[in-house]
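> Structural data only, the sequence is not supplied:
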Ligand SMILES: Cc1ncc(C[n+]2csc(CCOP(=O)(O)OP(=O)(O)O)c2C)c(N)n1
């Protein structure tokens, strides 16, 4: 059967099991849009800026554990998508992004709306393709999905010249033909046996879990292993939710704004089982004082993550889930005893009681932490939380008790302001039955505020909680601590009226400036059947604590 | 810092953009390329890239892993760990005043290279060999006054069943 390039694309996207894509049209993808119009069973969510399409697809992928798909036009459409692609790349999120391109005959001629998007995105995609022959189209689409989802996931971009979309060919599914791409899923059993021995001999062990646990769906295994062995767990920003935040073995997040007990545990542990983490500098602080006494076991599907930043005694290359299952099996078979770590757990619980996360909620001014804590209470820790970037993101990570994986969706590696709102829309599209809340700062929310219209049009009701401190708070905090309180260009007192802004888009807007009204406003906003902005006027110069100054050891924390 | 030279032989898909992926990986991660040579192999769909890089021992591990992670890289062979044969070709234009001509020709003879262009006051010499031979050759020519040099990158192949012996490479 003869199909056009555009028909092949839509058919193959559907064959992948994809039911929702995010995009924005233009001349170079008009043929694909024409085809989309004939396929109402493939939902297209029209964003208001291409960056929003990518963040939404990213969050869709995370909330649903599938692959996100986005479609944008050539030139400015493609360059607008780059920030989103780079964020997904940093966070290892499976995405396939289709970009329109000028016709093959014009490529290289500086044609209207031509950019070399394959060249531009080479360093921020897992892989990318320019399709120059209709014969290669089907194979390329298959490979793009396969590469995006397998091994360490990541974004793949496929650039589609207009004449390829229009050309026809006899369609048959060619499968894939990749010469050498074979991710290692099966771990080496000997290494695991060695790791089990190390683990059972440890006196002060901890588990450090990351985003890899969530992408390999290994939360259950992490939890089971921790419970079997009584080993406390910390998780990076990307790993939050992979272990219940309400459990006694939970240490909280480590790193620059980590909890006291998580950072101290890393400083003092004699063994660290690191699973699906990449030892980002925001977690490790001064690298040669990171876990100085620990033997490190590291499980990761990506060999480049091992020995990159820290020395690892027992590296295990493989899928986190498979590796942990094998770990648990060996523990059970050999009836290994729980490590002797009662004294260790006592030390940790002392750290927790002497130095918990804390803030003072007075009578007059709302503390941002209080809003997050109330939100946690009122949603029973079960909402999907997306965030913007800055203090809002850290308070969300600290004060919301994530109990399940795939419920905390944040731009971790790249830290993109403007991520949270489009991400909330993507998550809501994936999980319509869930409450989806963007915890935002007054600065970040203005970076992709236009996506309010997307939420309204697509009837994807999301809740936006703006913690309005009238500053680019996180940068202001650095200026306060390290730059003599010179608040250069971080004031945000010139801001729109967020309540009216919400109304202008057709959403509901509520403002709250008194601590005693926080609960009332939250419950009104959560109960509303539609998109809502809840703006909380909070303490202007509140800072995130603990804080490890850049370049210091993570045990050298500034405390409140 | 303790840096070594490494010789990598990398098989890649012979496709547009592959070289730029590899060059981009090196520049993006702050690795350096001393020399590079690329051409198709006996299989037209595969190219061989031979690269000399200078770095610390821990870094070479990252370089090899990062190269392997590129979808278009088929194999990465670190020849430094093996017995290998290596060649580089240089064209050397050297001052050749009448009183020096005989001596230059003697050196050319000893190193078994060829004079491929002769002028009133210069020779252009073609020399090939491993890096040590080329360095020795150039150091002898230097006093005569080298005008210009053009060199290829190294190319190399592992010797058959070649494990490195006593840490020494055989030529
Ligand atoms: C796109 C982008 N630009 C700049 C930054 C640098 N940056 C990090 S946090 C921050 C302040 C964010 O302010 P706001 O959204 O008001 O959040 P707050 O820290 O006050 O909670 C800035 C400017 C960034 N992360 N992303």
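Right, received. Where do you want to start? Please read these numbers as outputs of a predicted model, since none were measured by experiment.
> what separates stretch B:26-35 from the chain centre, distance-wise?
The chain centre lies 16 Å from the centre of stretch B:26-35; the measure is C-alpha atoms, centre = their mean, to the nearest Å.
> measure it end to end?
Start and end residues of stretch B:26-35 are separated by 12 Å (C-alpha to C-alpha, to the nearest Å).
> Pull up the residues of the stretch 51-200 of chain A that are close to chain B.
Applying C-beta under 8 Å from any C-beta of the partner chain, we find that the stretch 51-200 of chain A lies next to chain B at A:118, A:119, A:122, A:123, A:126, A:127, A:130, A:147, A:178, A:179, A:180, A:181. C-beta: built from backbone N, CA, C; applies to glycine.
> so after the strand or helix carrying the second one, what's the next helix or strand?
In the assignment (DSSP states H and E), residue A:119 maps to helix A:117-121. Sequence-wise, the next helix or strand beyond helix A:117-121 is strand A:127-130, with elements assigned using DSSP H and E.
> How about residue A:21: what's its closest non-neighbour residue?
Excluding the flanking residues, the one nearest residue A:21 by C-beta to C-beta, 6 or more residues apart in numbering or on different chains is residue A:69, at 4.3 Å.
> give me the element the one you found is part of.
Assigned by DSSP H and E, residue A:69 belongs to strand A:68-72.
> Go ahead and name everything in contact with that strand.
A:13, A:18, A:20-24, A:26, A:29, A:32, A:44, A:50, A:53-54, A:56-61, A:78, A:80-81, A:84, A:88, A:93-100, A:426 (C-beta atoms under 8 Å, 6 or more residues apart in numbering or on different chains).
> Would you mind giving the residues of the stretch 51-200 of chain A next to chain B as a markdown table with neighbour count added?
Shown next, in a markdown table, are these (neighbours: other C-beta atoms under 10 Å in any protein chain shown):
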| residue | neighbour count |
| --- | --- |
| A:118 | 20 |
| A:119 | 14 |
| A:122 | 19 |
| A:123 | 14 |
| A:126 | 23 |
| A:127 | 22 |
| A:130 | 22 |
| A:147 | 25 |
| A:178 | 16 |
| A:179 | 15 |
| A:180 | 15 |
| A:181 | 19 |
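> mind putting those in a markdown table, pLDDT included?
Shown next, in a markdown table, are those (pLDDT from 0 to 100):
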| residue | pLDDT |
| --- | --- |
| A:118 | 98 |
| A:119 | 97 |
| A:122 | 97 |
| A:123 | 97 |
| A:126 | 98 |
| A:127 | 98 |
| A:130 | 98 |
| A:147 | 98 |
| A:178 | 88 |
| A:179 | 78 |
| A:180 | 87 |
| A:181 | 94 |
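> show me what contacts residue B:136?
Counted by C-beta under 8 Å, 6+ apart, residue B:136 has contacts residue B:111.
> measure it to residue B:113 for me?
Note on residue B:136: its distance to residue B:113, by C-beta to C-beta, to the nearest Å, is 12 Å.
> Residue A:88: what's it in contact with?
For residue A:88, the contacting residues are A:54, A:58, A:68, A:95, A:154, A:155, by C-beta under 8 Å, 6+ apart.
> quick one: it from residue A:142, how far?
20 Å.
> And residue A:55, by the same measure?
In terms of C-beta to C-beta, residue A:55 sits 26 Å off from residue A:142.
> try residue A:544
For residue A:544, the distance to residue A:142 - C-beta to C-beta - is 45 Å.
> Settle it for me: which of those two has more neighbours?
Of the pair residue A:544 and residue A:142, residue A:544 is the one with more neighbours under other C-beta atoms under 10 Å in any protein chain shown, namely 23 against 19.
> how about the residue lying closest to that one once chain neighbours are set aside, what does it touch?
Using C-beta to C-beta, 6+ apart and skipping residues adjacent in sequence, the residue nearest residue A:544 is residue A:394, 4.6 Å away. Shown in contact with residue A:394 (C-beta under 8 Å, 6+ apart): A:257, A:474, A:544.
> I'd guess the first one is in a strand, am I close?
No: assigned with DSSP: H, G, I helix; E, B strand; the rest coil, residue A:257 falls outside any strand and is coil.
> Could you say which helix or strand holds the nearest residue in space to it that is not next to it in sequence?
Sequence neighbours aside, residue A:394 is the residue nearest to residue A:257 in space, at 4.5 Å (criterion: C-beta to C-beta, 6+ apart). Per DSSP H and E, residue A:394 falls inside helix A:391-399.
> can you check residue B:123 too?
Per DSSP H and E, residue B:123 falls inside strand B:122-129.
> next one: residue A:329
Using DSSP H and E, residue A:329 falls in helix A:320-333.
> what's next to that helix, contact-wise?
Residues from elsewhere that reach helix A:320-333 (C-beta under 8 Å, 6+ apart): A:185-187, A:189, A:192-193, A:195-196, A:200, A:212-213, A:216-218, A:221-222, A:224-225, A:228-229, A:275-276, A:299-301, A:316, A:336.
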